[in-house]
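Novice: Here is my input; please provide its structure:
(one chain, ligands or ions: 1)
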Amino acid sequence: MIIGVLALQGDVREHLSALAECDAIARPVRRPEELDSVDALVIPGGESTTMSKLAIDFGVLEPLRKRVAGGMPVYGSCAGMIMLATEVLDGRPDQQSLAGIDMAVRRNAFGRQVDSFEGPVEIDGIDGGPFHAVFIRAPWVESVGDEVDVLGRVTEGPGAGRIVAVRQRNLLATAFHPELTGDLRVHRYFVEMARAADMTEG
Ligand SMILES: NC(=O)CC[C@H](N)C(=O)O
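Specialist: A predicted model of the protein is given here:
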């Protein structure tokens, strides 16, 4: 099983090394044929408006939408979470998303008060205590549909109570950046998700 990291823009290298540390085979994905050769995908943090524009330029937006709709396991962090949402609030009018997770996310939601902050986030299904979550011009999830599992919320500071980790079937998203803190638990969780999906597909 090979996990791709969407490498149009953003913190690609950090995700590749986190996945390697989880003993997963990982490689960057930019073009449709590279997407065809992976079984699962990580969409990194960065800037969702730029990423969506580059996805169109590289001809990979529609292929990505098809893979997401077809059940490929995807993990999106921060800008990646925005890319996975069905609805983007405070987005650019021409911003495109992959419409995988039935949720409305608000871009730069915490940023009205502070650019970045760090705090503890407990994630359902991941043991070992709360994450030290790093939020950088992060979105939060404003609302979710019935099929979405809320996995984590901010517990303190600006936006306490806001949803910042969700899962819908094979799609996982966090508003924070576990690839920046050396805590591999979210990546391990995703690698397990991807392996389980790979097994059921045969
Ligand atoms: N760290 C991040 O990924 C920031 C996300 C960025 N604010 C966006 O709108 O895409």
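
Novice: what ranges do the strands span in this structure?
Specialist: Applying DSSP state E to the chain gives strands spanning 2-6, 25-29, 40-43, 74-77, 85-89, 101-106, 116-121, 131-136, 140-144, 149-153, 163-168, 171-174.

Novice: and the second one, what does it pack onto?
Specialist: This points to strand 25-29. With contacts taken as 3 or more CB pairs under 8 Å, 6 or more residues apart in numbering; DSSP states H and E, strand 25-29 sits against strand 2-6, helix 12-21, helix 32-36. Yep, even glycine has a C-beta here, placed from its N, CA and C like the rest.

Novice: Let's see that with 7 Å instead.
Specialist: Here strand 25-29 touches strand 2-6, helix 12-21, going by 3 or more CB pairs under 7 Å, 6 or more residues apart in numbering; DSSP states H and E.

Novice: From G128, how far off is the residue positioned nearest the centre of the chain?
Specialist: The chain has G76 as the residue nearest its centroid, 1.0 Å off, counting by CA atoms, centre = their mean. G76 sits at a distance of 22 Å from G128 (criterion: CB to CB, to the nearest Å).

Novice: need the contact list for Y75.
Specialist: 42, 172, 190 (CB atoms under 7 Å, 6 or more residues apart in numbering).

Novice: Is any residue of stretch 54-67 near the ligand?
Specialist: No: Stretch 54-67 lies out of reach of the ligand by CB under 6 Å from any ligand atom, never closer than 12.3 Å.

Novice: in that stretch, what counts as buried?
Specialist: Buried residues in stretch 54-67, defined by neighbour count with 16 or more other CB atoms under 10 Å: 54-55, 58, 60-61, 63-65, 67.

Novice: Over to stretch 32-52?
Specialist: 32, 34-35, 38-49, 51-52.

Novice: and the ligand, which of the residues you listed reach it?
Specialist: 45-48.

Novice: and of those residues, the nearest to A194?
Specialist: Checking these against A194 by CB to CB gives G45 as the nearest, at 19.1 Å.

Novice: I82 is in contact with the closest one, correct?
Specialist: No: at 9.6 Å, G45 and I82 do not qualify as touching, with contact defined as CB atoms under 7 Å.

Novice: pLDDT weak spots in the chain?
Specialist: For the chain, the stretches flagged by pLDDT under 70 are 112-114, 202.
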